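# need the 3D shape of this:
(one chain, ligands or ions: 1)
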Amino acid sequence: MAATLFTGGVIWPGDGSASSDALLVRDGRVCALGDAARQQAHGMQGQSASAVETVDLDGGFLMPSFRDGHAHPLLGGLEAEGPAVRACESVEQIVAEVRRWAEAHPNEEWVIGASYDSSLASEGLFDARWLDDAVSDRPVVLRAWDYHTVWCNSLAFERVGITASTPDPELGEIPRRGDGSPLGTLREWGAVDLMLDAVPARSLDTRLRALGRASEFYRSYGVTWVQDAWVESEDVDVYVEAVVRGMLTVRYNLALYADPRYFTAQFPEMLASRRRVAALESSLLTANTVKFFADGVIESETGALLEPYCSAVHKRGISVWSPSGLRDAVRAVDEAGFQTHIHAIGDAAIRQGLDAIDYVATVNGSRDRRPVLAHTQLIDEVDLPRFARLNVIANMQPLWAQLDPLMTVLTVPRLGIERADRQYQMASLLASGAPLAFGSDWPVSSADPREGIAIATSRTTSDGIPEGGWVPHEIINIDAALRAYTVSVAHQAFGDIAAVPWGSLRPGMSADMVWLGRDPRNSTPRELPGIPVVATYLAGIDT
Ligand SMILES: [Zn+2]
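Numbering: from 1, shown residues only. Sure, this is the predicted structure:
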């Protein structure tokens with residue numbers, strides 16, 4: 001069996017032990033570090049000169065691979081199938097791109113695109129008529145960066161029958177013109193689903209292509225495990241098929257989506273999906289998690305707040321579940337052995353999530369459950385110590401902790417300065433002893449861990465704004481940021497108790513590693529995104 005000795009650079013094991021200068025991988029697992037690695041390699045070479053391949057790290061940095069603790073890989077991979085609106089910097093650019101794409105694809109009956117920057121129109125309110133200018137003979141549906149919002153042309157509204165007389169749906173909002181007719185934007189599931197349910201489903205092949213694209217994309221960033229944070233039954237088909245065809249090149253865990261409107265019917269399906277995935281006996285795919293939404297997002301005033309929005313004094317956002325509804329649903333999935341993963345943005349949603357987890361720990365008894373609250377944007381002071389006490393993993397998106405236009409145009413005016421300055425309390429959570437793990441929420445934001453780590457360690461934009469960082473006492477150091485994007489996500493993923501354990505580079509662990517061109521600990525935050533990813537290894541294999 002072939003072995004590989006890595007030397008000539010710095011090896012950061014990620015488990016708190018000192019850095020090393022050699023690492024031996026054998027049969028896909030870390031076998032030894034430092035002198036022990038060199039001695040074992042030497043012994044093996046004594047038996048057969050070709051037994052050990054040597055990789056010269058060329059002054060680079062070898063560390064546990066990155067893992068993405070919250071993302072939407074299928075959605076991300078699908079963005080490339082429609083108009084490329086992501087990079088557009090104005091409404092005019094989006095409209096022009098939609099026109100271009102529609103002309104280039106005359107046979108597509110719908111124009112489906114994602115995802116556009118909500119801060120490009122005042123209040124995030126986009127008008128259907130702007131899109132009518134580009135395409136009026138086919139429905140157009142565009143999703144916003146937050147994926148909680150869609151913007152459609154008039155024909156799309158006509159097609160699904162949303163008119164002035166359509167009442168505002170439960171758990172959703174239809175912004176309107178003065179005469180009550182829909183303006184062009186739909187917010188949150190209750191409203192968004194009215195539209196998306198009418199959109200023709202993508203074929204299995206298209207979705208497999210999207211997953212392949214996402215996997216390749218992740219490997220290019222050094223990521224080898226991804227939490228798909230929203231999976232419905234038809235998505236399970238895609239992942240299962242990808243395993244059957246041998247297409248997966250990174251590990252995925254599926255979080256099966258729980259909706260308060262359909263939970264009773266969904267629950268047996270979740271059990272069936274988990275059984276289906278387990279039957280594959282793949283080390284690359286698990287379906288161990290259930291995803292809940294406690295609220296929406298601050299930018300749409302749907303994030304659930306304890307005190308009203310500054311921008312709308314009667315609004316406190318949307319609570320997706322009633323307190324007892326969430327508690328009972330979390331209890332049911334926990335009892336069935338699932339991990340809980342709750343989207344919780346506003347302080348009211350975070351409290352509701354913590355309450356549910358607290359309740360479940362009490363009624364279902366203690367076990368190794370590793371519950372996750374994702375995003376945890378605005379935590380009330382009283383609730384912060386509860387993360388450590390209840391062992392709740394705060395999964396944060398470090399890229400969001402910056403004063404970009406989304407923050408300055410949409411978030412700060414809604415929260416007001418006092419609350420705005422209490423967002424993304426990474427250092428406070430770590431100091432409290434809470435587990436902090438990172439995720440990208442791609443395609444909501446960039447999947448590149450280097451960019452996220454640059455923000456976590458500086459809290460400045462890529463232009464260096466503001467000097468000294470935004471809310472600088474929440475800046476974390478580079479070691480903490482590397483851990484949050486690697487071993488802490490492996491903990492969230494139960495990697496340490498997998499059949500072949502993975503997480504750090506301790507001997508016995510799967511050799512899931514990334515080789516960076518330079519030591520990120522010797523770089524300034526602004527240099528981090530430029531450090532090359534030289535190679536990504538999954539179980540010792542670089543593809
Ligand atoms: Zn998400």
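# what's near enough to touch residue 405?
117, 119 (CB atoms under 8 Å, 6 or more residues apart in numbering). For the C-beta atoms, the positions are set from N, CA and C on the backbone; glycine is no exception.
# I meant to write residue 461 there.
402, 403, 404.
# looking at pLDDT only, which of those residues scores worst?
Ranked by pLDDT, the contacts of residue 461 bottom out at residue 404, which scores 92.
# can you get me a residue count around that one?
Around residue 404 there are 21 other residues, counting by other CB atoms under 10 Å.
# tabulate the contacts of residue 461 (CSV), appending distance to the ion and secondary structure.
Output for the contacts of residue 461, formatted as CSV (distance: CB to the ion, whole Å; DSSP: H, G, I helix; E, B strand; the rest coil):
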residue, distance to the ion, secondary structure
402, 18, coil
403, 22, coil
404, 18, coil
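# neighbours of residue 457, how many?
25.
# spatially nearest residue to it, not counting backbone neighbours?
Excluding its sequence neighbours, the residue lying closest to residue 457 (CB to CB, 6 or more residues apart in numbering) is residue 525, at 4.7 Å.
# my read: the one you found touches residue 452, true?
No - the criterion here is CB atoms under 8 Å, and residue 525 misses it with residue 452 at 10.9 Å.
# in terms of neighbours, single out the busier of those two.
residue 452 (28 against 22).
# that one looks like it's in a helix, true?
Yes - counting by DSSP: H, G, I helix; E, B strand; the rest coil, residue 452 is found in a helix.
# report the contact partners of the nearest residue to residue 528 once chain neighbours are set aside.
The spatially closest residue to residue 528, leaving aside those adjacent along the chain, is residue 454, at 4.2 Å (CB to CB, 6+ apart). Applying CB under 8 Å, 6+ apart, one finds that residue 454 lies in contact with 462, 525, 526, 528, 529.
# any idea of the pLDDT on residue 454?
Per the predicted model, pLDDT is 98 at residue 454.
# can you pick the most crowded of the contacts of residue 454?
Result: residue 528 is most packed of those (other CB under 10 Å), 24 neighbours.
# now that residue, what's its secondary structure?
Under three-state DSSP, residue 528 comes out as helix.
# my guess is it contacts residue 450, does it?
Yes - if you go by CB under 8 Å, residue 528 and residue 450 touch, sitting 5.0 Å apart.
# so for residue 138, what's the pLDDT?
Reported pLDDT for residue 138: 96.
# any idea of the pLDDT on the residue of the stretch 401-543 of the chain found nearest the ion?
Ranking the residues of the stretch 401-543 of the chain by distance to the ion (CB to the ion) places residue 441 first, at 4.5 Å. Looking at residue 441, its pLDDT reads 96.
# do residue 410 as well
87.
# pretty sure it contacts residue 124?
Yes - in this structure, residue 410 is within contact of residue 124 by CB under 8 Å, at 6.3 Å.
# what about the one helix or strand residue 45 maps to, distance to the chain center?
Using DSSP states H and E, residue 45 sits within helix 34-47. Mean-position distance between helix 34-47 and its chain equals 40 Å (CA atoms, centre = their mean, to the nearest Å).
# the helix or strand just after it pairs with which strands, parallel or anti?
Using DSSP H and E, the helix or strand that follows helix 34-47 towards the C-terminus is strand 52-56. Strand pairing for strand 52-56, using DSSP bridges, gives strand 3-11 (parallel).
# give me the average confidence score over the partner strand.
98.
# show me what contacts residue 131?
Residue 131 neighbours (CB under 8 Å, 6+ apart): 95, 98, 140, 142, 151, 152, 153, 154, 184.
# tell me which residues are up against the helix holding residue 45.
3, 5, 7, 20-24, 31-32, 51-52, 54.
# of those, select the buried ones using a PyMOL command.
Applying 16 or more other CB atoms under 10 Å to those leaves a buried subset, and the PyMOL line that selects it is:
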select buried, resi 3+5+7+20+21+22+23+24+31+32+52
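# so which of the contacts of helix 34-47 reach the ion?
Filtering the contacts of helix 34-47 for proximity to the ion by CB under 5 Å from the ion leaves nothing.
# looking at the contacts of helix 34-47, which is nearest residue 189?
Checking those against residue 189 by CB to CB gives residue 23 as the nearest, at 46.3 Å.
# helix/strand/coil for the closest one?
Going by three-state DSSP: residue 23 is strand.
# repeat that for residue 348.
Quick answer, by three-state DSSP: residue 348 is helix.
# need the residues of the stretch 401-543 of the chain near the ion, please.
residue 441.
# how about the helices of the stretch 401-543 of the chain, start to end?
405, 412-420, 426-432, 449-456, 478-484, 487-492 (DSSP state H, counting those that start in this stretch).
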